[in-house]
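S.K.: what's the 3D shape of this:
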Amino acid sequence: MNLFYIITFNLFLIIPNIVLFAQSTNESLTPKEIVVKYLDLYNERKFNERYNFLASISKTNINKDEYINFYKDVFESDIQCVDIITSEIEAESNQSRYRRIKVDYFTSLKGEEYKQREYYTFINENGKWKIVWTRLMKALADEKVEISDFKKAIELFNKIIDMNPYDAYSYDRIAWCYIRDQNLAGETRKKEIFNNSKKAIFFEPDISEYYRTMSIYYHLEKLDNLQLDYINKAIDLALNESDKSIYYSDLSQYYMDIDYSKSLDYINKAIQLNSSDPYCWYQLGIIHKNYKKYENAKDAFKKALLLKPMEDYFQAGLYGSYSYTCYSLNMYDVAKIYIVKALELDPTNSFYKFFFEINLKDK
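M.R.: So this is what the prediction gives:
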């Protein structure tokens, strides 16, 4: 998994991003005050007290011990708040009024400081603002995405949306599930990608990763100009250089069939920003393979293989691409090993099965 996703995953552990809201009273803390207090309690590691801010709907799904235990593996870093911005969102006519809070803050990972942005939503329970905490559900759903169990992941993300219909992250992740699950019918799949991606951008319009998702939708629709526009928008909104790395990888793919030199320029820029990201090396290998530069492709794939494995969807692609490259270099034994690895992660992939049966089964 690349650094961007590692940071994002850990940050979601630190800061819950969903909270419901009703009418304010003079006796309760304001949503801004709650956010500040909630972050302070994290820095003080007072998770027992943080639990008291959770809404009843969250406490129904997780008890205090489970909540505290969830934070045991959080890396030791403090959160420095940069800005807290309130923005009110009118709810649908059959629901309560919602209020959204946007927070910009700094956190650290391995000694490096990163700027992050999160959204909160609030509801009032008996005159007090409470947090609907869904981070554990998101972690479980993300684990299902990692192992390509997209059906279960979508079920979990939809459960989160039932708790808060303004959860942009869950909409975006549902869109990604449909991007990855190629077993679905084409038009149904594209419709789900578009609708969920659109909602994510609508509710949180300055989160860069959501624009990347929409760019992939336009790639599937072969609307190249819109695809490029959304990739560039993601780059513009990225808060850190490391965040931009994956978007430059996307630009390299965009130009792969158009301009070999420009494609290489962008992927090398991505690697320069985050050389520990296996996805960047994987994409460099794809570019070389596309132009039949198999020795260069093999070297890039080997570097990706030495790094931490990506989620199953991409890791299978790495194994399959490395297998094809080795086969093209007459390295049949290695090719057979890695196409089997690809099939272990993605056993229904028709290309991997065909390639193995036709080219490597009897080698």
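S.K.: alpha carbons only for contacts and neighbour counts from here, please
M.R.: OK.
S.K.: Need the single longest strand in this structure, by residues.
M.R.: With secondary structure taken from DSSP state E, the chain has its longest strand at strand 112-125.
S.K.: Average pLDDT for that one, rounded please.
M.R.: The average pLDDT within strand 112-125 is 83.
S.K.: Strand partners (parallel or antiparallel) of that strand?
M.R.: Sheet pairing here is set by DSSP bridges, and for strand 112-125 it gives strand 98-109 (antiparallel), strand 128-130 (antiparallel).
S.K.: Report the distance from that strand to the chain centre.
M.R.: With Cα atoms, centre = their mean, to the nearest Å as the basis, strand 112-125 stands 16 Å off its chain's centre.
S.K.: Go through it and flag the buried ones.
M.R.: By neighbour count on 16 or more other Cα atoms under 10 Å, the buried set for strand 112-125 is Tyr114, Lys115, Gln116, Arg117, Glu118, Tyr119, Tyr120, Thr121, Phe122, Ile123, Asn124, Glu125.
S.K.: among the strands paired with strand 112-125, which is nearest Tyr352?
M.R.: strand 98-109 (37.2 Å; Cα to Cα).
S.K.: Find the residue ranges of the stretch 51-200 of the chain scoring beneath the pLDDT cut-off.
M.R.: Flagging of the stretch 51-200 of the chain using pLDDT under 70 yields the residue ranges 73-83, 85-96, 108-111, 185.
S.K.: again, 50 this time
M.R.: Within the stretch 51-200 of the chain, the set of residues satisfying pLDDT under 50 comprises 91-94.
S.K.: Do you have the helices of it handy? List them.
M.R.: Along the stretch 51-200 of the chain, counting by DSSP state H, counting those that start in this stretch, helices occupy 56-61, 64-70, 135-146, 150-163, 168-180, 186-203.
S.K.: Could you save the ones you listed as TSV and add columns showing mean neighbour count and distance to Ala342?
M.R.: Below are those laid out as TSV (neighbours: other Cα atoms under 10 Å; distance: least, Cα to Cα, whole Å):
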stretch	mean neighbour count	distance to Ala342
helix 56-61	15	37
helix 64-70	15	33
helix 135-146	19	15
helix 150-163	19	18
helix 168-180	24	15
helix 186-203	18	23
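S.K.: Ok, which of these comes nearest Asp277?
M.R.: helix 135-146 (16.2 Å).
S.K.: report the angle between the axes of that closest one and helix 150-163?
M.R.: Interaxial angle of helix 135-146 relative to helix 150-163 (axes from the mean of the first three to the mean of the last three Cα atoms, to 10 degrees): 160 degrees.
S.K.: Output helix 135-146 in CSV with nothing but the alpha carbons.
M.R.: The C-alpha trace of helix 135-146 is given here as CSV (Å, rounded to 0.1, in the frame of the first residue of the first chain):
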residue,chain,number,x,y,z
ARG,A,135,-14.2,4.5,12.3
LEU,A,136,-14.2,0.8,13.3
MET,A,137,-16.8,0.1,10.6
LYS,A,138,-14.7,1.9,8.0
ALA,A,139,-11.6,-0.1,9.1
LEU,A,140,-13.5,-3.3,8.6
ALA,A,141,-14.9,-2.2,5.3
ASP,A,142,-11.4,-1.2,4.1
GLU,A,143,-10.1,-4.6,5.1
LYS,A,144,-12.7,-6.2,2.8
VAL,A,145,-11.5,-3.9,0.0
GLU,A,146,-7.9,-5.0,0.6
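S.K.: roughly how far is it from the heart of the chain?
M.R.: Distance, stretch centre to chain centre, for helix 135-146: 11 Å (Cα atoms, centre = their mean).
S.K.: Great, nothing more from me.
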